[in-house]
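> generate a structure from the sequence data that follows.
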Amino acid sequence: MTGLYYRGADFLLFILLLKSFILVKLKHSIDLSMARKNNKDKVRVIVLERINVLFKLGIVAVRSRDYSIARRYGELIYRISMRLRVKIPRNIKRWICRNCRVIMVPGLNAKIRTRRDGRTLRIITRCMVCGWIHRYEFVKRGEKYGETPRISR
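Numbering: from 1, shown residues only. Prediction:
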């Protein structure tokens, strides 16, 4: 009978140790998930900074008429964003040619035209390096394009 009692006590001690181990393990896994999230945010910030720097360098390269370097910077922007799964900001993505990946600067290697059909405004951008045409459409909702009208009370 005494042997069973000791086994029972050992079993209870084992259960208590297991519970404390699970709680400690659970606490560390929560800390790691928060660390991963913080790390992901830091990586995203760094990637967006790199994209902005590469875009500015591409504009400088286009102004000096060096389209091969501008194309390389455009390719790097896409490669970095795909590899690290970060979206390229819209204001940068619209100025990179989807066909030849060169960074477009209006007046130097891109033509900009606007067309208006009723409530829609179309901006047509043509890459002068490869001839690719990009069309962006904006629908007039409020006073300005792309904004919703406000209701005053």
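> only C-alpha atoms for contact and neighbour calcs from this point on.
Will do.
> which helix or strand lies directly C-terminal to the helix or strand encompassing Val43?
Using DSSP states H and E, Val43 sits within helix 2-63. Next helix or strand after helix 2-63 toward the C-terminus (DSSP H and E): helix 67-83.
> any figure for the gap between Gly131 and Leu57?
23 Å (CA to CA, to the nearest Å).
> got the phi and psi for the residue lying closest to Cys127 once chain neighbours are set aside?
Of all residues not flanking Cys127 in the chain, Ala110 sits nearest, at 4.7 Å (CA to CA, 6 or more residues apart in numbering). Backbone torsions of Ala110, given as degrees, to the nearest 10, read phi -150, psi 140.
> so where is this structure shaky, pLDDT-wise?
Low-confidence segments of the chain (pLDDT under 70): 1-37, 141-153.
> 90 - rerun?
1-43, 116-121, 136-153 (pLDDT under 90).
> Val139 is in contact with Leu121, correct?
Yes. Taking CA atoms under 8 Å as the definition, Leu121 is a contact partner of Val139 at 6.3 Å.
> neighbours around Met104, how many?
Counted with other CA atoms under 10 Å, the neighbours of Met104 add up to 28.
> how near is it to Ile46?
24 Å.
> kindly report the same for Ile124.
32 Å.
> of those two, which one has the most company?
Ile124 (15 against 12).
> what about that one, which helix or strand?
Judged by DSSP H and E, Ile124 forms part of strand 120-127.
> the residue nearest to Cys127: neighbour count?
19.
> what's across from it in the sheet?
Pro106, Cys127 (DSSP bridges).
> so it sits against Cys130, correct?
No. Counting by CA under 8 Å, Ala110 does not reach Cys130; the two are 10.0 Å apart.
> need the overlap of contacts for those two.
Common contacts of Ala110 and Cys130 (CA atoms under 8 Å, 6 or more residues apart in numbering): none found.
> returning to what we had before: which residues touch the residue nearest to Cys127?
By CA under 8 Å, 6+ apart, the contact set of Ala110 is Met104, Thr125, Arg126, Cys127, Met128.
> do the same with Gly74
Contact partners of Gly74, counting by CA under 8 Å, 6+ apart, are Leu54, Phe55, Gly58, Ile96, Arg101, Val102, Ile103.
> quickly note the distance from it to Arg113.
From Gly74 to Arg113 the distance is 23 Å (CA to CA).
> likewise Ile80?
When Ile80 is compared with Arg113 (using CA to CA), they lie 31 Å apart.
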